[in-house]
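Peer 1: coords below, sequence missing:
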């Protein structure tokens with residue numbers, strides 16, 4: 001059995017443990033200044049159709065920016081915003097938004113719709129991907145506490161085939177949802193933090 005010298009083992013551990021491109025949340029905060037117009041200070045949107053990015057998974061934010069840049073996801077405002085971002089810009093922005101604290105949305109929910117949304121989420125097995133508490137994981141977004149109108153629009157876009165950058169998972173799930181189901185899910189998810 002051949003032993004690895006301790007100095008080599010330590011250097012290898014440092015190299016293997018460091019990302020190819022370090023995410024810099026502080027730099028991301030400076031770069032995010034332009035994002036506040038739609039996504040709010042610290043990624044807490046006050047505009048119902050724009051998502052809150054605070055507390056979103058870094059991987060998800062990065063992949064969405066990349067998809068906007070490369071045309072896999074389109075939006076009249078976000079597509080041009082993403083065009084000039086470098087990989088490091090996207091990683092820095094993702095790190096910044098992931099480190100922010102999500103504040104409750106101002107949407108006034110209807111308790112019976114919230115209860116129906118919770119039941120539909122359980123029936124549809126939403127937590128298999130979005131996890132308990134709907135806080136997301138890796139490339140699966142946090143939907144807990146998200147803007148109501150944004151949730152409705154995204155579910156409608158998946159259902160209608162206007163949004164396709166999900167490998168088919170959300171498209172197939174959303175096709176089973178009625179308009180009432182979508183409304184109820186949005187009301188329920190908006191209440192979670």
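Peer 2: That came through, no problem. Quick caveat: nothing in here was measured; it's all calculated off a predicted structure. Numbers count the residues shown, from 1 in each chain.

Peer 1: what sits against residue 113?
Peer 2: Residue 113 makes contact with 183, 184, 187, 188, according to C-beta atoms under 8 Å, 6 or more residues apart in numbering. Quick note: C-beta positions are derived from backbone N, CA and C, even for glycine.

Peer 1: which non-adjacent residue is nearest the second one?
Peer 2: The spatial neighbour of residue 184 that comes closest, neighbours along the chain excluded (C-beta to C-beta, 6 or more residues apart in numbering), is residue 117 at 3.7 Å.

Peer 1: dump the residue contacts of the one you found.
Peer 2: 183, 184, 185, 186, 187, 188, 189.

Peer 1: which other helices and strands contact the helix or strand where the last one lies?
Peer 2: Just to be clear, that refers to residue 189. Residue 189 is located in helix 179-191, with elements delineated by DSSP states H and E. For helix 179-191, the elements it packs on are helix 111-124, helix 148-160, judged by 3 or more C-beta pairs under 8 Å, 6 or more residues apart in numbering; DSSP states H and E.

Peer 1: thinking again about what came up before, from the contacts of residue 117, list the buried ones, please.
Peer 2: Among these, those buried by neighbour count (16 or more other C-beta atoms under 10 Å) are 183, 184, 185, 186, 187, 188, 189.

Peer 1: Could you point out which of the residues you listed is nearest to residue 158?
Peer 2: For these, the minimum distance to residue 158 (C-beta to C-beta) is 11.8 Å, reached by residue 185.

Peer 1: Show the model's pLDDT score for that closest one.
Peer 2: The pLDDT attached to residue 185 in the predicted structure is 98.

Peer 1: can you put the contacts of residue 117 in JSON lines and add distance to residue 56?
Peer 2: Shown next, in JSON lines, are the contacts of residue 117 (distance: C-beta to C-beta, whole Å):
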{"residue": "183", "distance to residue 56": "23"}
{"residue": "184", "distance to residue 56": "23"}
{"residue": "185", "distance to residue 56": "18"}
{"residue": "186", "distance to residue 56": "17"}
{"residue": "187", "distance to residue 56": "20"}
{"residue": "188", "distance to residue 56": "19"}
{"residue": "189", "distance to residue 56": "13"}
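
Peer 1: which one of those residues sits closest to residue 110?
Peer 2: residue 187 (6.2 Å).

Peer 1: Quick one: residues contacting the closest one.
Peer 2: Going by C-beta under 8 Å, 6+ apart, residue 187 touches 107, 109, 110, 113, 114, 117, 148.

Peer 1: Could you rerun that using 7 Å?
Peer 2: Applying C-beta atoms under 7 Å, 6 or more residues apart in numbering to residue 187 gives the contacts 109, 110, 113, 114, 117, 148.

Peer 1: Distance to residue 168 and pLDDT for those - can I get that in TSV?
Peer 2: Compiled in TSV, the contacts of residue 187 are given as follows (distance: C-beta to C-beta, whole Å; pLDDT from 0 to 100):
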residue	distance to residue 168	pLDDT
109	30	96
110	31	98
113	28	98
114	28	98
117	23	98
148	25	98
